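**Student:** here are the coordinates; sequence isn't available:
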């Protein structure tokens, strides 16, 4: 395991658009896709997951998630 690695992946972002031709009744559907750059940083007993999300409309979104195990210590 490389401690300095990042993850780059593509994910489905639900329905992009749908168009129905009224003359033929035929529907055309396109799925939206997102490119995700992901980094996980471990600090003490928490892991912070950082996500940069690039969509097909040239928007940049970001998410920060924290996960970890709560540890109690009696003094």
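**Tutor:** Cool, got the structure. A quick note: this is a predicted structure, and the numbers were derived from the prediction, not measured.
**Student:** how about low-confidence regions in the chain?
**Tutor:** Low-confidence regions of the chain, defined here as pLDDT under 70, cover residues 1-3, 70-75.
**Student:** now the strands: where do they sit in it?
**Tutor:** Remark: strands assigned in the chain by DSSP state E are 7-20, 27-43, 46-55, 60-68.
**Student:** Just name the most buried of these.
**Tutor:** With neighbours defined as mean count of other Cβ atoms under 10 Å, those peak in mean count at strand 46-55, which reaches a mean of 14. C-betas here are computed from N, CA, C, even on glycine.
**Student:** Just to check, residue 26 is in contact with residue 20?
**Tutor:** Yes. Here residue 26 lies in contact with residue 20, judged by Cβ atoms under 8 Å, at a distance of 7.1 Å.
**Student:** Kindly check the end-to-end length of stretch 14-33 for me.
**Tutor:** Across stretch 14-33, the straight-line distance between its terminal residues is 8 Å, by Cα to Cα, to the nearest Å.
**Student:** Check the offset of it from the chain's centre.
**Tutor:** Computed by Cα atoms, centre = their mean, to the nearest Å, the chain-centroid distance of stretch 14-33 equals 24 Å.
**Student:** and if you look at stretch 29-46?
**Tutor:** For stretch 29-46, the separation from the chain centroid amounts to 4 Å (computed by Cα atoms, centre = their mean).
**Student:** What of stretch 54-72?
**Tutor:** Between the mean C-alpha location of stretch 54-72 and the chain-wide mean there is a distance of 7 Å, by Cα atoms, centre = their mean.
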